[in-house]
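In: Structure of the sequence below:
(2 chains)
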There are 2 protein chains.
Amino acid sequence: MKITIAENAGFCYGVMRAISMADEYIKKKGSIYSFGPIIHNPQVVADYEHKGMHVIESIGDANKPVLIRSHGVPSDVYMKMQSKNIKYIDATCPFVKEAQDYVKHLSEEGYSVVIIGDKHHPEVKAHISYADSKAVVINSVDDAKKVNMERIGVISQTTQSVDRFSKIVGELSKHCKELKVYNTICDATKNRQDAASSLAKVSDVMIVIGGRNSANTRRLYEICKHYCDKTYHIETAKEIDNSWFTNAESIGITAGASTPSYIIERVFNYIKEL
Amino acid sequence: MKITIAENAGFCYGVMRAISMADEYIKKKGSIYSFGPIIHNPQVVADYEHKGMHVIESIGDANKPVLIRSHGVPSDVYMKMQSKNIKYIDATCPFVKEAQDYVKHLSEEGYSVVIIGDKHHPEVKAHISYADSKAVVINSVDDAKKVNMERIGVISQTTQSVDRFSKIVGELSKHCKELKVYNTICDATKNRQDAASSLAKVSDVMIVIGGRNSANTRRLYEICKHYCDKTYHIETAKEIDNSWFTNAESIGITAGASTPSYIIERVFNYIKEL
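Out: All right, here's what the predicted structure looks like:
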C-alpha cells in the first residue's frame, strides 16, 4: 500500500501568519480575543482556547485586544473598534486584503461589483462591505445567467475553485458590455487544488483533511471526488473507517489551508499502521 | 412541408449602411472604388461591379474616391490616403469602429490586447493596428490556454459566436491577474445566431445562405449544424440539391449579414416549388 501526501497540503501563508501573530502576542501578554474562530479548524481553535485565545462573536464584547483573523472583517468593524478604543492585531491575509482593495477600486470606478464565492463565508461578508454593501455574490454558472448589468467588476473569494471561477467569468461575459475581473484566487489555493487533483487521478482512495466549516477544504473534497470516487472528508484520524482501504493500493492525502501539519501526520501514521 | 426563414436573417445595419452609402455616391458621381470587396458576397460584388464600383486591393491603385467597407481598415490606410490626397467615404460599421476604439483604449491603458476572432479576417486585421500591431489574435479555448500575461484586455470580432467568446474569456481568466473585456459582439450577430439556433432545433433541414468567404455565415453554419445534422451552406439557390429535402417536414432558412434579401427570397421560392 502506497500512501502519498499531496504537495501544498495544509496551512497556507495567511493562516501561518495569523497563527504566528497570535502566538507572539500570547507569549508576550498571556491572552487575546479572536473575533470569530482564528481558523476553520475546531481542533486548532480548542488548542488555542487552552493557550489563552478566547473567541468572541461580537466586537462589543471585547475588553482586551482582538485578533482579526486571516479572513478579514467588514469595514464597519474597524470603525467600531476605533470608536470603542479597542486595540486590535490585524492578521487579515494580505491576499484577502488585496481582494478587498480591488472591491473598493471597482466600486469607485462605477462597476457593479460581483463577488464569486459563498455569501455566508466571513471572507465574502467582509468583501461586500468594501463595495458599500452593494455587491452581488454568486457561486454558480446558473447564478451568473441571472446577472444583467452594463459594467461588471468581478473578484473571487481567495479559496474559490479555479475551474468554477473561470466558468462563471465566461458566463458573465455574455451578460454585460464591459467586464473587469481581478483573479484573486490565491496561488496557495490554486497550487493545492492542482496537486490534489493530480494525486486524486492516480489514487484508489483520497483522504481530505480539514474542518467541516472550512470552505477551501470542502472545495478540495469536491475536486478530489470528481477524479476519485472513494474520497472521504475527515477532521481527524479518529473518523477513519478502516474498511475504506479494502483492496486499495494507492492512498492519497491532502488537507485544507487551515489544517495543521500534526493532524496530517497523525492521519498518515494511522493509515500506515493499518 | 413547412419552410421558415429565421428572424434577423440577412443584411445587418452596418452592411445596409455601407450599401446605401455606395448607392448614393454612385447615383451622384457614377463610379467609385471599393478597397476590398464591399461585402463577403460574390453575387452582390458582381452586381456592383456592373453598377460602377470597382474593387481595388491596394490603396496605392486609387485615382478616384474610395469606399472603406463595413469591416474597416488598419489605421495606416487612413494615413496613406491622407498623404496621397485620396478622398474616401468611410462606411466602417459603427460597431466595428467602437471595437477599434476599445482596442486603442486598452492598449493605452497598458493591457496586453487579445482579440478573439479570425486573424485572416479584414475586420480583425484592422483591429490589430489600433494596438500598435502588438495584439494577439486567438480563436479557440486551446489558443487561450497558451496565453499567460499579467493584465489582459479583450475585444471580440463583432461577428464572433457568443458561446465561443464566453468560453475563451472564461479560459483567459485563469491565465492572468487582471482581465478587462469589452463584449463587442454586435446585437445583430447575437440575435441572428439566437434565432438560427432556435430554428435549427426544430428543423429537419437547415439552409444557411451566404458567401463562403463570410466569417459570420460560416459561424451560423457551425451553430445550425450543432442542432440540425442536415445543415447546408449555399451561396445561391443554384447550389441546392433536391435530395436534401427527402422526407423533410420542416425546413429552416437563415442567412449571413452580407446576404441580400433577394437571394434569400429566391432560395425560399425554389424550395417552395419543389
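
In: Okay, and A:Leu179 sits in which element?
Out: Assigned by DSSP states H and E, A:Leu179 falls within strand A:178-182.

In: what mean pLDDT does that strand have?
Out: The average of the pLDDT scores along strand A:178-182 is 98.

In: what sits against the residue lying closest to A:Glu249 once chain neighbours are set aside?
Out: Computed as C-beta to C-beta, 6 or more residues apart in numbering or on different chains, the closest residue to A:Glu249 that is not its neighbour in sequence is A:Asp204, at 5.7 Å. In this view, the C-beta of every residue, glycine as well, is placed from N, C-alpha and C. For A:Asp204, the contact set (C-beta atoms under 8 Å, 6 or more residues apart in numbering or on different chains) comprises A:228, A:230, A:247-251.

In: one step back: helices or strands up against the strand holding A:Leu179?
Out: Where contact means 3 or more C-beta pairs under 8 Å, 6 or more residues apart in numbering or on different chains; DSSP states H and E, strand A:178-182 is packed against helix A:94-108, strand A:151-156, helix A:162-172, strand B:178-182.

In: And the residue nearest to A:Glu249, how close does it get to A:Phe245?
Out: Distance, A:Asp204 to A:Phe245, using C-beta to C-beta, to the nearest Å: 8 Å.

In: which residues are in contact with both of these two?
Out: With C-beta under 8 Å, 6+ apart, A:Asp204 and A:Phe245 have common neighbours A:Ile251.

In: Kindly reformat the contacts of A:Asp204 as a markdown table containing neighbour count.
Out: Shown next, in a markdown table, are the contacts of A:Asp204 (neighbours: other C-beta atoms under 10 Å in any protein chain shown):
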| residue | neighbour count |
| --- | --- |
| A:Cys228 | 21 |
| A:Lys230 | 17 |
| A:Asn247 | 6 |
| A:Ala248 | 16 |
| A:Glu249 | 10 |
| A:Ser250 | 15 |
| A:Ile251 | 23 |
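
In: and which of those is nearest chain B?
Out: Set against chain B, the nearest of these by C-beta to the nearest C-beta is A:Cys228 (22.8 Å).

In: ranges for the strands of the stretch 101-250 of chain A?
Out: A:112-116, A:136-138, A:151-156, A:178-182, A:205-209, A:231-234, A:250-255 (DSSP state E, counting those that start in this stretch).

In: Given the second one, what are its sheet partners and their directions?
Out: Think strand A:136-138. strand A:112-116 (parallel) (DSSP bridges).

In: Next, the angle helix A:94-108 makes with the strand it pairs with.
Out: Here strand A:112-116 points in a direction 150 degrees away from that of helix A:94-108 (axes from the mean of the first three to the mean of the last three C-alpha atoms, to 10 degrees).

In: gap between strand A:112-116 and the chain center?
Out: 18 Å (C-alpha atoms, centre = their mean, to the nearest Å).

In: Rounded mean pLDDT for that strand, please.
Out: Mean pLDDT, computed over strand A:112-116, is 98.

In: ok, the closest residue to chain B within chain A - contacts?
Out: When scored by C-beta to the nearest C-beta, chain A has A:Gly170 as its residue closest to chain B, at 2.5 Å. Shown in contact with A:Gly170 (C-beta under 8 Å, 6+ apart): B:166-171, B:173.

In: one more time with 7 Å
Out: Counting by C-beta atoms under 7 Å, 6 or more residues apart in numbering or on different chains, A:Gly170 makes contact with B:166-167, B:169-170.

In: Write a ChimeraX command that selects only the buried members of the residues you listed.
Out: In ChimeraX, a selection of the buried entries from the contacts of A:Gly170 looks like this (16 or more other C-beta atoms under 10 Å in any protein chain shown):
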select /B:166,167,169,170
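
In: and stretch A:233-247, which residues are buried?
Out: Under 16+ other C-beta under 10 Å, the buried positions of stretch A:233-247 are A:233-235, A:237, A:240, A:244-245.

In: No further queries at this time; thank you.
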